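Colleague: Turn this into a structure:
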Amino acid sequence: MVLGPLGVAGVPAVVDTLIAWLSLIALFALPGLVAAVCWTPFLLSARFRALFRTLPPAGRPVPSYVGVALALSVPYLAGVVLTVALVGEAGPGWSEGFLDTALFGGIVVGFVAPAVAAAGLPRLGVDWDPTGYGPSTWALLVAAGLWYAVVAAVPLVALAVGMALPGGY
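Modeller: Got it, this is the predicted structure:
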């Protein structure tokens, strides 16, 4: 196949577009992947591993674990995107938005997600806890959620402090 001058000229534009899309995907996936790595100590618990073995695709905990870690980063990513889109200028407005994102994302990840895992999933027919969803399961899930929230909040709080400083942006 022989490409004419127009076909060759369009290749850099396609490559640039592909690189831009891949960079955007990496930017949105990076927080969840970093949190997944920092969240791995909780995988020492057989109960925590059982949750990910039961979630789709059943019997394959790694894709489930990474998928949940990425999904839990969505409130933080949404908060950052909304802050940047809705607040006119970088500075104290962004700082407040990033702090609000850390707070509300922490509530969702630290308390709502564990409630969904321990109370919602069994009602949907996903029975994953062999010990019966007792207080120790709830404690494990809340601890894991709060740890994830702290890991996700650290860069947001650092950005917020930087944005609040004079000339910090």
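Colleague: what residues are up against the residue nearest the centre of the chain?
Modeller: By Cα atoms, centre = their mean, the mean C-alpha position of the chain lies nearest to Ser73, the distance being 1.5 Å. Listed by Cβ atoms under 8 Å, 6 or more residues apart in numbering, the contact partners of Ser73 are Pro31, Gly32, Ala35, Ala152. (Each C-beta comes from the backbone N, C-alpha and C, glycine too.)
Colleague: And those, which two are furthest apart?
Modeller: Farthest pair in the contacts of Ser73 (Cβ to Cβ) is Gly32 and Ala152. Separation: 8.8 Å.
Colleague: Determine the residues that are contacts of both of the two.
Modeller: Counting by Cβ under 8 Å, 6+ apart, the contacts common to Gly32 and Ala152 are Leu72, Ser73.
Colleague: just checking, what packs against the longest helix belonging to the chain?
Modeller: In the chain, with assignment by DSSP state H, the single longest helix is helix 5-39. Contacts defined by 3 or more Cβ pairs under 8 Å, 6 or more residues apart in numbering; DSSP states H and E place helix 5-39 against helix 61-72, helix 74-86, helix 135-164.
Colleague: And the closest residue to Leu159 other than its chain neighbours, which helix or strand is it part of?
Modeller: Excluding the flanking residues, the one nearest Leu159 by Cβ to Cβ, 6 or more residues apart in numbering is Phe98, at 5.2 Å. Secondary structure assignment for Phe98, by DSSP states H and E: helix 92-107.
Colleague: re the thing from before, now the helices and strands packed on helix 5-39 in JSON lines, with mean pLDDT, mean neighbour count and distance to Leu18?
Modeller: Listed next are the helices and strands packed on helix 5-39 as JSON lines, based on pLDDT from 0 to 100; neighbours: other Cβ atoms under 10 Å; distance: least, Cβ to Cβ, whole Å:
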{"stretch": "helix 61-72", "mean pLDDT": "94", "mean neighbour count": "17", "distance to Leu18": "21"}
{"stretch": "helix 74-86", "mean pLDDT": "92", "mean neighbour count": "16", "distance to Leu18": "22"}
{"stretch": "helix 135-164", "mean pLDDT": "93", "mean neighbour count": "18", "distance to Leu18": "27"}
